[in-house]
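Sequence and predicted structure are below.
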Amino acid sequence: MLNDIKEVLYSEEQIQAKIQELGETIAKEYEGKNPLVICVLKGAFIFMADLVKRVNIPLEMDFMAVSSYGQSTKSSGVVKIIKDLDVTVEHRDVLIVEDIIDSGLTLSYLIDILKRRNASSVKIVTLFDKPARRTVDLTPDYYGFELPDSFVVGYGLDYAEKYRNLPFIGVLKEEVYSG
Ligand code: XMP
Ligand code: MG
């Protein structure tokens, strides 16, 4: 598995240090608010697990799975809910936890849904952001690292469902894609 990696962009240590910072910032922001923290499956599950351990205030968690129709490495903008929330978001302060924002289509659709369900507030934390790829006007409230426009794997992110369990984020060798 490690043989397939061309370059490590951020190490496990760098990621964990950043998550500590994000956790402290978010804890201050939501102190006394009992936020509902929503993990967007599957990519964000590792970030979610590490992040909530660093947000030392009372909070609740729920999980949602979405998929965008269309090509495998690009969002089509049409988002399908595979698994919806178990709880209602009405009058809740919602924090969406995402792994990576690319075009921004998935998240703008999700934000729309949650606002229509009358959440009091909807904010976004993403570990990785590719701002150069944005096709809609969307800025995360909190983010970890900006990435260049290349396909990345590790720390929850996959290529064909593999590599999610790498503790760092990196770029695959070209030969992995070409088989
Ligand atoms: P949009 O374009 O809607 O897409 O912002 C966000 C979703 O696309 C996936 N994505 C990636 N997955 N490596 C991945 O493994 C990447 O480099 C990458 N870029 C985008 C991801 O599922 C994200 O939630
Ligand atoms: Mg995702």
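Now that the structure is in, tell me what you want to look at. Ligands and ions are numbered 1, 2, ... in the order given.

Check which residues of the helix ranked longest in the chain are buried.
When the chain is parsed with DSSP state H, its longest helix is helix 12-30. Going by neighbour count (16 or more other C-beta atoms under 10 Å), the buried part of helix 12-30 is 15, 18-19, 22-23, 26, 29-30. (Glycine included, C-beta is placed from N, CA and C.)

cool, and stretch 114-130?
Buried residues in stretch 114-130 (16+ other C-beta under 10 Å): 114, 119, 122-130.

who in this protein is up against ligand 1?
Contacts of the chain with ligand 1, taken as C-beta under 6 Å from any ligand atom, map to 43, 75, 98-106, 151-153, 157-158.

Narrow these to those that are buried.
Of these, these count as buried by 16+ other C-beta under 10 Å: 43, 75, 98-106, 152-153, 157.

got CSV for those, with distance to residue 176, secondary structure and pLDDT too?
As requested, those are arranged in CSV below (distance: C-beta to C-beta, whole Å; DSSP: H, G, I helix; E, B strand; the rest coil; pLDDT from 0 to 100):
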residue, distance to residue 176, secondary structure, pLDDT
43, 18, coil, 95
75, 22, coil, 58
98, 24, strand, 98
99, 20, strand, 97
100, 19, strand, 97
101, 24, strand, 96
102, 20, coil, 94
103, 23, coil, 93
104, 27, coil, 94
105, 26, helix, 92
106, 24, helix, 91
152, 13, strand, 96
153, 9, strand, 97
157, 14, strand, 97
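
Show the low-confidence segments of this protein, by residue range.
Within the chain, the segments meeting pLDDT under 70 span 69-77.

Centre-most residue in it?
residue 98 (1.5 Å; C-alpha atoms, centre = their mean).

Can you tell me how far it is from residue 173?
As judged by C-beta to C-beta, to the nearest Å, residue 98 and residue 173 stand 26 Å apart.

what does residue 108 give?
From residue 108 to residue 173 the distance is 33 Å (C-beta to C-beta).

the more surrounded of these two?
Looking at residue 108 and residue 173 with other C-beta atoms under 10 Å, you find the greater number of neighbours at residue 108, namely 18 against 13.
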